[in-house]
Structures are given as structure tokens and as C-alpha cells.
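Trainee: how would this look folded up:
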Amino acid sequence: HEPAGANLGRADFDGAEGLMDALDETYSSLMRDIRIGKGRLHIPAPYLESLGPGKGALWEDRELYVPVSAIGANKLDSGLQIEATQFEIRVDEHLRTAADLMQRITQTSGYSAQTFGLQGDGGLQTATEVDAKKDRTAATRAKKVNYYAPELADLTLTLQLVDRAKFPREATYTPERPDVDFGDGVTESPRQVAETVELLGRAQAA
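Mentor: Here you go, the predicted model:
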């Protein structure tokens, strides 16, 4: 009944489950390509070394070959040859699809791709464009701060009241509801700070 609390307890990735399923399917498909992409040799049955009646036949490397029985394969001079099969492993296609899905999952969850070290849209970007894309993460963080700050303040006040009730001699202070403040989520690098200080110095000198 409170609009402000409608999303309390809601996971960030709510609504991105379908994309996560697609990401799982993509990696499963890649592993399947690797599994079935193993090279195989198709060897005529007469070329195999017989182990005796009812005991089958053998080639030097069992995991490398597939025996083939074909018409006219009962003679070594039938013209049958050993042929190799190697399926393509589509690594680049799978990884590009997975990277795109991860970026979409991140954006659907309310964060920018750069926050998680993802490449993003690619190409050269201006500082304004970079800041604009980071605003998605900043907005999500600000929303979470609004959720957590009041509850943390209430919890801290409750702990103080419990402290006064259980240890009245030691807890001589007056319980107060504190103001909860979260620090800045973005920390500037020393290089950025130095450049800012230099620009301020030039401005003052001018």
C-alpha cells in the first residue's frame, strides 16, 4: 500500500531471468561445440586389427577413429580410404553472443556495463558519454541508499535501547536516532586529483 516501498526486497536482476537462461544456453552450446568438435578418423573395418572371433577389432588410438562398414569393404584393395572429420568450433560467435547478453543483463539490472568491467558499446566516447552511461549505476546506488539508510538508522537506535536496558551502568548515554550517510561511490584516482588541483591553480593565477 506504500508506493515508496513497492520494490523493497526485489532483486536487481528481476526481469533479466530470460537473458540469464540465454547466457547459460550460450555457454552450454559452446561446450557442446568443443565436445563434438573433436577430430575423428573414419577407418574401413578391414583396416582394424582383429582381436579374435567375437572380440571386436582394434586401432592404435581408439578415441581418434570411428569404424565404418561399407559396401565392398571386405577387400583391402576396395578403394576405401581413411578420412578425417573435424567440425568447426564456433568460439568467436559464442563469446560475442555471451558478451552481448552479459551487457544486456547488467543494463536490465540497473547498472552500467563499465561498472562491472565490461567493454560496453565500444568505440571512442567523450567524457560526457562515459558519465552518462555511469549514471545508470549511480541512480541504482542512490535508490538503494534510500532503502537502506532509514532502516540502518532504526536498527542503530534499537541497538542503543537494548544496550541501555541490559547494561544501564555502562551505557550512560542518551539513545539517539543517527543520521546515516553513505560515502561517495566513485573515488577519483590520484592522477585526476592532481589534474584538478593543477587546473584550480592555473585558474587562481589567471
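Trainee: In the protein, what residue spans correspond to strands?
Mentor: Using DSSP state E, the strands of the chain run over 40-44, 49-50, 57-58, 65-68, 83-85.
Trainee: Any idea which of those strands has the lowest pLDDT on average?
Mentor: When the strands of the chain are compared on mean pLDDT, strand 57-58 scores lowest, with a mean of 53.
Trainee: can you pull out the helices in the protein?
Mentor: Counting by DSSP state H, the chain has helices at residues 17-36, 91-108, 127-166, 190-205.
Trainee: which stretch among those helices comes nearest Phe182?
Mentor: helix 127-166 (4.9 Å; C-beta to C-beta). For the C-beta atoms, the positions are set from N, CA and C on the backbone; glycine is no exception.
Trainee: Now that closest one: average pLDDT?
Mentor: 81.
Trainee: Quick check: the gap between the residue nearest in space to the middle of the chain and Glu198.
Mentor: Nearest residue to the geometric centre of the chain (C-alpha atoms, centre = their mean): Met102, 5.7 Å. As defined by C-beta to C-beta, to the nearest Å, Met102 lies at a distance of 38 Å from Glu198.
Trainee: OK, contacts around Asp12?
Mentor: 109-111, 140 (C-beta atoms under 8 Å, 6 or more residues apart in numbering).
Trainee: Now the two most distant members of the residues you listed.
Mentor: Spatial extent of the contacts of Asp12 (C-beta to C-beta) is set by the pair Ser109 and Thr140 at 7.9 Å.
Trainee: Phe116 touches Gln103, doesn't it?
Mentor: No: Phe116 sits out of contact with Gln103 when judged by C-beta atoms under 8 Å, with a separation of 9.1 Å.
Trainee: So between those two, which is more surrounded?
Mentor: Gln103 (18 against 13; other C-beta atoms under 10 Å).
Trainee: For the spatially closest residue to the more buried one that is not a sequence neighbour, give its distance to Ala149.
Mentor: Take Gln103 and drop its neighbours on the chain: the residue closest to it by C-beta to C-beta, 6 or more residues apart in numbering is Ala113, 4.7 Å away. Between Ala113 and Ala149 the computed distance is 27 Å (C-beta to C-beta).
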